[in-house]
Every structure is written in structure tokens, then in C-alpha cells.
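> no FASTA, just this:
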């Protein structure tokens, strides 16, 4: 019976001798077994530095077990002879409970023969080494074809490997926090990336992606993903559902083919760094004004001149019953979902626009582009062009002729 964990063996005689303890805990493997040529059950504590380990007899030799924090993977075994405390931490709680139960039986000497024990031998080097948490692969030659990735990985980089797709073996790494697949040839992302529940950083810089999956937007990445790099790909647009990635703080979209940013980008409340330089953006979405950024880079986009006096009128008078009903649902915050409304109506409601008066509009509106000072949404702004401008055109919507007329009056007064 074996238990991997971190162990610190502390002698209770050290304080009386004026000596200090051994310091930090070390990765170790605890084993219960019968040593060759000896009777009874013994405890073997093996570490990477001392694989043969130290053996402790258990029969009537355990003074006390401290198990208050066993649910956290912690316990302490106090032995009588020698006078040491074996302090355990970072153990699997269920395996720890089983191990301590067997240790109690070995201490009492009762039912020893029922314990599933094997001869006590030193473990292999791989069993006591600290689990590998980081791995960097920087060429196709280094890429493992026959070996699995260590399940303990938290940071994996596989760059310059000419990968055409995401390796499914990576999607089994449930502890993965950072995945760097930059400088490859990936054309599509599997929806199963969303099963990496701990993933906080995803780097896909310099690949051949043409889209970002809607399925990923609704996966567990909504609650975990904080940094996303999609720069130097071939993406023309991000789905409206992209703004469900509520924990995003850093987003890089440079050097793509974007013709628009997500319609509801203002819903990314945690976003602090946004870079979308050298794309094909003609203007910014209306929701852009809701962002609160630290750094913003929109350099090199072919922004159109703002046209506040040339409206695109999509208004129909009188409003249709569908438009009136939809506006009422949004304005009065009436709950809706696929269980009460058809899916296409729910999608339309999710894409509702907000007039400057605060009321909603769906398919009936007046649209113009106005000048936005980017310093109103970001502390640090990279110049939009070589002329030193920090302004860009942004869409504005109006739910009625009255609202547009009021805006027009204010705009003309500002010109005068």
C-alpha cells in the first residue's frame, strides 16, 4: 500500500537540544509493507534524495494520529520510537483515509494478515520525483509522438511544431492552466478545449484559424479563461456569444481580417487589455463605450469618417407587433428563454440594440456613426493612425425619430 504526498519528518527531541527542524516538506512516497527478514508491518518513507528511505516499525509504536485536516490531504503520524512526527500534506484525501485506516490496524497488530501488503522495497525514481508541471516543446523534432503528456502539467507550450490540429492528448490534461500553441498551422479548434476546466491562458498566435467556435463560448471557459491571444490568424468575425467569456482580462486580435468586433463587447466587464491592430474594422460597435480598459491598441484599421448627419434609417412606422413586444421584453427585463420562446426570437432579443435614451430596439432603428475619443474607455491608447489620432468612429442607435432629432440638435449646437 502506497501513498504519494509531501512529507516532513520532525524529531521531537530537537527543541530540547536547541536545534531547528528539517525545513520544508519534500515530495515522498509512503509505503506499508513487510521488510524481507523482519516481522510485522513497517512504514517506509522514501524521497527523491533518499530512495531507499527510512523504515519505522508500526506495531504498538504509533502514539497518536492527528487527522483534523484529513479532508485537506493533511495528517501527522506521531511515533513513540524514534520520537518523530511524520507530517503529511498534499495527499489525496480518500487515499489518505484508506492509508491511515491500514496504519491503525498495523499499530494494533489485529488482522494484520488481512491487510493488502506487499514486500517493502524502495520505489522507482519516477514514483518519488516531483510531478512535472511545465513543459516546453519548441520544434517538430522535440514533439512526443509515442509518449503521453504528464497528467500533472499546468503549463504546456508546443510552438513551431507545424501542428495542423490540436492534439487530443492535450485535452486530457485537466490541471492545465496555460496552453501555448503559437506558431503552428492549426485551422480549427475542437469544442473539447472547453473541457479544460482550469484553463486560464490560451495562446493561438500565428496559426491559420478562420473562426472561433460558438461552442467554446458556452463552455466552462466562461468561468476560467482570462487571457486569449488570437493574433496573426485569418479570423473575419467573432461570434456574438464570444462575450460570454466573462473572465477575460487580456484579449489580442492583431493582424487578422476582422471587419467587426463582437456586438456586445461591453459585456466583457473584466477586460483590461485589448489589442486589435491591423485589421479591417470600419467602425466600433455601440457597446464599445461600456468598456473600462487600461491599454487599447487599434492602430492600422481603415476606419471610415464618422457620419452623424447621414443616418441609415431602418425605422418602420407604425412599429410591428413583434418589434413592440420585443422592446417591452427587454425594457421591462422580462425573463425569457428557449423554454418559452423559439430559439430565433431568443437570439434576436440577445442582439437588441440600446438607444441613447436607454430604451431597446431590435430591427427598427436609426443608425449613425459618431466620433469616439478612445481615452474615454482606456487609460493608455496607442495612436489609431500615423497622424496622431486617438479617435475612432463608433455606431450609435436611436429607437425613434424623436431621439435622433434630440441627438441632432445637440450635435449641431456643439458644432456652433
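Yep, that arrived. Everything numeric here is computed off the predicted structure, so don't read it as measured data.
> for the stretch 201-350 of the chain, what are the low-confidence residue spans?
Applying pLDDT under 70 to the stretch 201-350 of the chain flags no residue at all.
> For it, which segments are assigned as helices?
With helices called from DSSP state H, counting those that start in this stretch, the stretch 201-350 of the chain shows them at 214-217, 221-224, 321-331, 343-350.
> which stretch among those comes nearest residue 150?
helix 221-224 (20.6 Å; C-beta to C-beta). The way it works is simple: take the backbone N, C-alpha and C, and place the C-beta from them, glycine included.
> Contacts for the closest one, please.
Taking contacts as C-beta atoms under 8 Å, 6 or more residues apart in numbering, the residues outside helix 221-224 that touch it are 193, 194, 196, 197, 198, 199, 200, 202, 244, 245, 246, 247.
> redo that, cut-off 6 Å
The contact list for helix 221-224 (C-beta atoms under 6 Å, 6 or more residues apart in numbering) reads 194, 199, 200, 244, 245, 246.
> Give me the buried positions along that helix.
221, 222, 224 (16 or more other C-beta atoms under 10 Å).
> Same question for stretch 251-262.
Buried, per 16+ other C-beta under 10 Å, within stretch 251-262: 251, 252, 253, 254, 255, 256, 258, 260, 261, 262.
> The last one contacts residue 245, doesn't it?
In this case it means residue 262. No: counting by C-beta atoms under 6 Å, residue 245 is not a contact partner of residue 262; they are 9.7 Å apart.
> about what we covered before: most neighbours of all the contacts of helix 221-224, which one?
When neighbours are counted by other C-beta atoms under 10 Å, residue 245 leads the contacts of helix 221-224 with 25 neighbours.
> tally of neighbours for residue 68?
The burial count for residue 68: 9, using other C-beta under 10 Å.
> picking up where we left off before, may I see the helices of the stretch 201-350 of the chain organised as a markdown table, with distance to residue 40 added?
Formatted as a markdown table, the helices of the stretch 201-350 of the chain follow (distance: least, C-beta to C-beta, whole Å):
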| stretch | distance to residue 40 |
| --- | --- |
| helix 214-217 | 57 |
| helix 221-224 | 49 |
| helix 321-331 | 75 |
| helix 343-350 | 69 |
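> Looking at those, which is nearest to residue 4?
Comparing those by their distance to residue 4 (C-beta to C-beta), the top pick is helix 221-224, with 26.3 Å.
> one step back: ok, which of the helices of the stretch 201-350 of the chain comes nearest residue 233?
Of these, nearest to residue 233 by C-beta to C-beta is helix 214-217, at 14.4 Å.
> buried ones in the closest one?
Residues of helix 214-217 classed as buried by neighbour count (16+ other C-beta under 10 Å): 215, 216, 217.
> Out of the residues you listed, which is nearest to residue 31?
Checking the buried residues of helix 214-217 one by one against residue 31 (C-beta to C-beta), the nearest turns out to be residue 216, at 43.6 Å.
> which residues does that closest one contact?
The contact partners of residue 216, taken as C-beta under 6 Å, 6+ apart, are residue 194.
> Equivalent analysis for residue 40, please.
Applying C-beta under 6 Å, 6+ apart, we find residue 40 in contact with residue 59.
> Just the pLDDT for it.
pLDDT, residue 40: 77.
> any idea where the strands of the stretch 1-150 of the chain begin and end?
Along the stretch 1-150 of the chain, counting by DSSP state E, counting those that start in this stretch, strands occupy 2-11, 26-34, 42-47, 54-57, 62-66, 75-79, 84-89, 118-119, 134-137.
> in its sheet, what does the fourth one sit against?
Strand 54-57 has its sheet partners listed here by DSSP bridges as strand 42-47 (antiparallel).
> Now do the partner strand: distance to the chain's middle.
Distance of strand 42-47 from its chain centroid, counting by C-alpha atoms, centre = their mean, to the nearest Å, is 38 Å.
> for stretch 3-15, same thing?
Taking C-alpha atoms, centre = their mean, one finds stretch 3-15 lying 36 Å from the centre of the chain it belongs to.
> Next, the buried residues of it.
3, 4, 5, 6, 7, 8, 9, 10.
> Next: stretch 379-390.
Buried residues in stretch 379-390, counted by 16+ other C-beta under 10 Å: 381, 384, 390.
> Would you map the strands across the stretch 201-350 of the chain?
Using DSSP E, counting those that start in this stretch, strands in the stretch 201-350 of the chain cover 201-203, 227-229, 250-252, 273-275, 293-297, 307-313.
> now those as TSV including distance to residue 88?
Putting the strands of the stretch 201-350 of the chain into TSV (distance: least, C-beta to C-beta, whole Å) gives the following:
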stretch	distance to residue 88
strand 201-203	32
strand 227-229	35
strand 250-252	38
strand 273-275	42
strand 293-297	43
strand 307-313	69
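> Which residue ranges make up each domain of the protein?
Following automatic domain parsing, one finds the domains of the chain at 1-11+64-109, 134-280, 310-376+390-415.
> Of all those domains, which one is nearest residue 50?
domain 1-11+64-109 (10.6 Å).
> Would you reformat the buried residues of stretch 3-15 as TSV and include pLDDT?
Formatted as TSV, the buried residues of stretch 3-15 follow (pLDDT from 0 to 100):
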residue	pLDDT
3	83
4	84
5	84
6	86
7	88
8	88
9	87
10	87
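> Show me the two of those that sit farthest apart.
Every pair of the buried residues of stretch 3-15 checked by C-beta to C-beta; the farthest is 4 and 10, at 19.9 Å.
> Now for residue 74: which residues touch it?
residue 89.
> If you could redo that for residue 192, that was the one I meant.
residue 171.
> how does it look with 8 Å?
Residue 192 neighbours (C-beta under 8 Å, 6+ apart): 168, 171.
> now it: how far from residue 137?
Taking C-beta to C-beta, to the nearest Å as the measure, residue 192 falls 20 Å from residue 137.
> Quick check: which of the strands of the stretch 201-350 of the chain is nearest to residue 120?
strand 201-203 (43.4 Å).
> For residue 27, give me the pLDDT.
The per-residue pLDDT reported for residue 27 equals 81.
> what's the neighbour count on the spatially closest residue to it that is not a sequence neighbour?
With C-beta to C-beta, 6 or more residues apart in numbering as the criterion, residue 27 has its nearest non-adjacent residue at 4.6 Å, and that residue is residue 130. Residues contacting residue 130 under the criterion other C-beta under 10 Å number 10.
> Likewise for residue 336?
For residue 336, using other C-beta under 10 Å, the count is 15.
> if I pick it, what's in contact with it?
Per C-beta under 8 Å, 6+ apart, neighbours of residue 336: 329, 345, 346, 349.
> contacting residues around the third one?
Spelled out, it's residue 346. By C-beta under 8 Å, 6+ apart, the contact set of residue 346 is 336, 337, 338.
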